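>>> I would like the atomic coordinates for the input below:
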Amino acid sequence: MKHVLNARFLVTCAIISVLIFVADIAFHATFVPDLYVGYPQRAAGEMAPLMPFLFLTYLVQITMFLWLFVRLYPERGIGKAVWWGLWGGLFVVLPNMQFFVGVAGTTWTLLAVQVVEAIVLLIAAGIIFEFVYRPRAASAAEPARA
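Below you'll find the model as predicted:
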């Protein structure tokens, strides 16, 4: 995997980021619309114009997550995608745990949902990536490298 950051990789990451972003927004709107009740937050009218920025954070974070996956697990596989989703998902949500300590109104339930949600979304991202982004066959003369 000499050239991981190519157009094919970046397009794949962008598509996966869109899927994960839409799934996350749908999850919050459908299954846990009251999750943030009592949590200090912006009014809906203030949040709407910030959605492109929120999507940008997903795009950057998921691209970095998948780049690390390819670098850490060059042989890849579904099992490794799930494993990296577990650990990478936990790593992604660590700042939420720090906010939990300092932000009034944050509950253990909110924190638990955020941790599980991050892990599930990044496991999904890893599995989708594993199915969609198949490495091109390396030539017999060139050994595979991480």
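>>> Just the CA trace of the lowest-mean-pLDDT helix or strand in the chain, in CSV.
Here the helix or strand of the chain ranked lowest by mean pLDDT, DSSP states H and E is helix 44-47, holding a mean of 89. What follows is helix 44-47, C-alpha atoms only, in CSV (Å, rounded to 0.1, in the frame of the first residue of the first chain):
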residue,chain,number,x,y,z
ALA,A,44,-32.1,24.3,16.4
GLY,A,45,-32.1,27.5,14.3
GLU,A,46,-28.4,28.1,15.3
MET,A,47,-27.4,24.5,14.6
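>>> in what helix or strand does E75 lie?
Assigned by DSSP states H and E, E75 belongs to no helix or strand.
>>> This structure: helices as residue ranges?
Taking DSSP state H as the test, the helices found in the chain are 7-30, 44-47, 51-72, 78-102, 108-132.
>>> Of all those, which one comes closest to G38?
G38 lies closest, by CB to CB, to one member of these: helix 108-132, at 8.8 Å. C-beta coordinates here come from the backbone N, C-alpha and C atoms, glycine included.
>>> quick one on the thing from earlier: and among the helices of the chain, the most buried is which?
Neighbour counts (mean count of other CB atoms under 10 Å) averaged over each of these peak at helix 108-132, with a mean of 18.
>>> Which strands or helices does it pack on?
helix 7-30, helix 51-72, helix 78-102 (3 or more CB pairs under 8 Å, 6 or more residues apart in numbering; DSSP states H and E).
>>> Distance to R134 added to the ones you listed, as a markdown table?
What follows is the helices and strands packed on helix 108-132, written out as a markdown table (distance: least, CB to CB, whole Å):
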| stretch | distance to R134 |
| --- | --- |
| helix 7-30 | 10 |
| helix 51-72 | 12 |
| helix 78-102 | 12 |
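>>> just so I know, which of the ones you listed lies nearest Y133?
Judged by CB to CB, the one of those that comes nearest to Y133 is helix 7-30, at 4.5 Å.
>>> ok and that closest one relative to helix 108-132, angle-wise?
Per axes from the mean of the first three to the mean of the last three CA atoms, to 10 degrees, the angle that helix 7-30 makes with helix 108-132 is 150 degrees.
>>> Could you give the average pLDDT over helix 7-30?
Averaged across helix 7-30, the pLDDT comes to 94.
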